[in-house]
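Asker: with the input below, show me the fold.
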Amino acid sequence: MTFSSVLIACLSFLEQEDKEPLFDSVKTIIGMLEVTAEFAQNITFNRERIQKSLPAGHLDATTLADYLVKKGVPFRTSHDIVGRCVALCVLKNCQLLDLSLDELRSINPIFEEDVYEFLGVENAVKKFSSYGSTGSECVAEQLFYWVTKLGINRDK
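Answerer: Take a look at the predicted model:
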């Protein structure tokens, strides 16, 4: 007997008319958890395709905006500057990382050599480091926390 069937049997025992929405919600959540568990156990990723696709969306545009904000540029203005940088990339069929410092400075003179620490997929991911973000370190911390909390044996 599965956990969900036991829980549904217990809830059915207590069933009253005013409890029906609760029972429906519990059944829906249990179904979602079962599907999610099956999905998580059987998913595979095409890492090579993912790696090739990441730069195409200008993922580092967000970190470029953060760079400008750290330089004292208001976000609204930095958003406009980044938009012009991305437009130049589209015109040149390249990535933000491929723009020269002179090209960046032609859009705005605030750019300095340190801008390249914010550009490129790897640098962009590293910059996502606030609590709860999708940066590699934050994700690793959360994975470690949940693996430990749930007592998952990683050797399986």
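Asker: and the top helix by length along the chain, which residues are buried?
Answerer: Ordering each helix of the chain by length in residues (DSSP state H) puts helix 20-42 first. The neighbour-count check on helix 20-42 (16 or more other C-beta atoms under 10 Å) flags 26, 30 as buried. The C-beta positions use only the backbone N, C-alpha and C, and glycine is treated the same way.
Asker: same check, this time on stretch 120-128
Answerer: Buried residues in stretch 120-128 (16+ other C-beta under 10 Å): 120, 121, 124, 125, 127, 128.
Asker: and that stretch, how far out from the chain's middle?
Answerer: 12 Å (C-alpha atoms, centre = their mean, to the nearest Å).
Asker: ok, now stretch 70-89?
Answerer: Relative to the centre of its chain, stretch 70-89 is centred 22 Å away, using C-alpha atoms, centre = their mean.
Asker: thinking again about what came up before, please name whichever of the buried residues of stretch 120-128 scores lowest on pLDDT.
Answerer: Minimum pLDDT for these is recorded at residue 128 (74).
Asker: residue 43: neighbour count?
Answerer: 7 (other C-beta atoms under 10 Å).
Asker: next helix or strand past the longest helix of the chain?
Answerer: helix 47-53 (DSSP states H and E).
Asker: OK, contacts around residue 98?
Answerer: 89, 92 (C-beta atoms under 8 Å, 6 or more residues apart in numbering).
Asker: can you tell me how far residue 149 is from residue 111?
Answerer: Residue 149 sits 44 Å away from residue 111, going by C-beta to C-beta, to the nearest Å.
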